[in-house]
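>>> Quick one: sequence plus predicted model below, questions after.
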Amino acid sequence: MSLSPAAAQGQACPRRSVLYMPASNPRALEKARQIDCDVVIFDLEDAVAPDAKAEARQAAIEALGQGGYGPREVVIRINGLDTPWGAKDLAAARAAAPDAILVPKINGPEDLAPYGRDLPDGVALWAMVETCRSLFRLDALAAAAAAHGLTTLVAGTNDLAKEMRCEPGVDRAPLAGPLSLLVAAARAHGLTVLDGVFNDIDDEAGLARQCAQGAAFGFDGKTLIHPRQVDTANRVFAPAPEAVQWSRRVVEAFDSPENQSRGVIRVEGRMVERLHLEEARRLIAVADAIAAR
């Protein structure tokens with residue numbers, strides 16, 4: 001299975017702001033064409049009432065077919081196969097061929113197979129990590145990614161907090177361990193990893209704090225529930241200009257003929273190892289992709 005250009009770029013593809021839009025709301029799907037998010041998720045699951053599932057599915061497929069979403073990746077979040085709607089959601093999403101299909105409540109690698117089977121070329125699989133069981137199988141889950149077309153793990157912090165019976169607050173202290181492990185598992189196997197949502201739409205300061213925390217944990221971006229949250233996520237998860245400038249100097253230094261075979265060099269008085277070169281190139285690629293938007 002080959003992936004779309006956006007999916008194939010992996011972590012070089014900017015996914016700073018990943019906005020859930022209820023597929024049952026036609027105005028939301030239309031508005032998403034104008035919002036400056038990196039990714040829009042047509043949500044068939046949590047945001048849609050049971051009696052609106054079929055209508056939402058059809059609306060998502062029609063909106064995707066009409067296009068007009070520009071450089072944004074378009075993802076469809078389906079209902080699980082253990083629900084009355086999951087099988088039809090999956091079949092419709094496969095036929096519509098979005099950039100990715102996001103699946104809920106994955107507990108381990110064995111849950112991926114029914115979703116990853118028969119994915120069309122160019123369609124990636126994304127998985128929600130939102131159960132207590134999944135936390136103890138993160139490495140196995142991420143290790144199985146390549147076999148099932150999985151490229152991205154998404155933190156489902158609301159469901160996880162509910163299962164744990166914890167009260168995260170803005171600082172999410174009870175979730176620090178699970179979130180760190182999620183990032184580590186994704187990095188160990190070359191996956192993109194996205195932070196969970198921030199629920200208080202009116203708390204702009206709290207959103208900024210939590211975005212900064214997510215960036216510090218190592219997340220590539222944040223899932224969002226309202227267009228007002230996009231600008232903050234875009235700003236916080238974008239590479240800092242000074243970091244990009246430093247990365248360009250590191251790349252230039254290693255690319256110079258006298259340094260191409262060296263493992264450690266000195267750049268502006270700082271010792272830099274070749275392991276830093278890969279991260280410098282990734283940071284530059286992300287910054288260039290953002291600029292190209």
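Perfect, I can see it now.
>>> Just the element for the closest residue to Ala208 other than its chain neighbours, please.
Of all residues beyond its chain neighbours, the one nearest Ala208 is Thr232 (5.4 Å), with distances taken as Cβ to Cβ, 6 or more residues apart in numbering. Every C-beta, even on glycine, is put in place using the N, C-alpha and C of the backbone. Using DSSP states H and E, Thr232 maps to helix 230-237.
>>> Against which helices or strands is that helix packed?
Applying 3 or more Cβ pairs under 8 Å, 6 or more residues apart in numbering; DSSP states H and E, we find helix 230-237 packed against strand 17-22, helix 204-217, strand 221-224.
>>> The last one pairs with which strands?
Okay, so that is strand 221-224. Sheet pairing for strand 221-224, assigned by DSSP bridges, gives strand 17-22 (parallel), strand 192-195 (parallel).
>>> low-scoring pLDDT stretches of the protein, where are they?
Within the chain, the segments meeting pLDDT under 70 span 1-12.
>>> Count the neighbours of Arg117 for me.
11 (other Cβ atoms under 10 Å).
>>> Spell out for me which residue occupies the centre of the chain.
Leu194 (3.9 Å; Cα atoms, centre = their mean).
>>> tell me the contacts of it?
Taking Cβ atoms under 8 Å, 6 or more residues apart in numbering, we find Leu194 in contact with 15, 18, 152-155, 219-223.
>>> again with Ile78
Ile78 sits in contact with 44-45, 85-86, 89-90, 93, 101-104, where contact means Cβ under 8 Å, 6+ apart.
>>> can we see that at 10 Å?
The neighbourhood of Ile78, defined by Cβ atoms under 10 Å, 6 or more residues apart in numbering, consists of 42-45, 57, 60, 85-94, 101-104, 115.
>>> So the residue nearest to the centre of the chain versus Glu45, what's the distance?
16 Å (Cβ to Cβ, to the nearest Å).
>>> measure stretch 106-119 end to end?
Stretch 106-119 has an end-to-end distance of 17 Å (criterion: Cα to Cα, to the nearest Å).
>>> my bad, should have said stretch 37-48
Distance between the two ends of stretch 37-48: 21 Å, counting by Cα to Cα.
>>> chain center to it, what's the gap?
From the chain centre to the centre of stretch 37-48 is a distance of 12 Å (Cα atoms, centre = their mean, to the nearest Å).
>>> what are the ranges of the helices in the chain?
Using DSSP state H, the helices of the chain run over 5-8, 26-31, 53-66, 86-96, 113-116, 132-135, 138-143, 145-148, 157-164, 176-188, 204-217, 230-237, 241-255, 275-292.
>>> For Glu273, which of the helices and strands packed on helix 230-237 is the nearest?
In terms of Cβ to Cβ, the element of the helices and strands packed on helix 230-237 nearest to Glu273 is helix 204-217, at 22.3 Å.
>>> The closest one packs against which elements?
Packing partners of helix 204-217 (3 or more Cβ pairs under 10 Å, 6 or more residues apart in numbering; DSSP states H and E): helix 176-188, strand 192-195, strand 221-224, helix 230-237.
>>> Okay, angle between the last one and helix 204-217 too, please.
Think helix 230-237. Angle between the axes of helix 230-237 and helix 204-217 is 30 degrees (criterion: axes from the mean of the first three to the mean of the last three Cα atoms, to 10 degrees).
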